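[1] The amino acid sequence is not available; the structure is as follows:
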């Protein structure tokens, strides 16, 4: 994957939105993109409702482990694109050398879903679908076109 674009998706806990985006990006971009996700304050595990909602789409996130964005930074990892998916991380993200493009696309936090279990799951499904739609949306200056997800 040396010629693939390196993409990092960042959110607060790396337990929901960034995991969703990473999974879809890996599926739809294939070898064209080397995707990773990380959080500023990694959770102990991926949100169980996110795991369930993504299972409905054919992804198994049950064994995914949230990781620290700062650990990737300390390892000297370089990324062509960095996507922040929550509004409270924009100013707190480390500056990664070599980035050619930053994207900020805030999505609701699955951990803040309210109501019954089914209502929470429905809200997580909506967030999942919003992330998928953004990743696959064509336009004149959009992420999907820049990384070859759409033409």
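    Yes, it's here. Because the structure is a prediction, the values reported are computed rather than measured. Numbers count the residues shown, from 1 in each chain.
[2] quick one: least confident helix or strand in this structure?
    helix 143-146 (a mean of 74; mean pLDDT, DSSP states H and E).
[3] so how far is that one from its chain's centroid?
    15 Å (Cα atoms, centre = their mean, to the nearest Å).
[4] next one: stretch 11-21
    Offset of stretch 11-21 from its chain centre (Cα atoms, centre = their mean): 5 Å.
[5] What of stretch 42-51?
    For stretch 42-51, the distance to the chain centre is 13 Å (Cα atoms, centre = their mean).
[6] Give the buried residues for it.
    By 16 or more other Cβ atoms under 10 Å, the buried positions in stretch 42-51 come out as 42, 43, 45, 46, 47, 49, 50, 51. Yep, even glycine has a C-beta here, placed from its N, CA and C like the rest.
[7] what comes into contact with it?
    Here stretch 42-51 makes contact (Cβ atoms under 8 Å, 6 or more residues apart in numbering) with 13-16, 19-20, 61-62, 64-68, 110-111, 113, 120-121, 124, 128.
[8] Sort out for me which of these are in helices.
    Among these, the members found in helices (DSSP state H) are 19, 20, 120, 121, 124, 128.
[9] Return the closest of these with respect to residue 6.
    Relative to residue 6, the closest of those is residue 19; by Cβ to Cβ it sits at 17.6 Å.
[10] what's the neighbour count on residue 52?
    15 (other Cβ atoms under 10 Å).
[11] cool, and the one 5 residues further on?
    Residues within reach of residue 57, counting by other Cβ under 10 Å, total 14.
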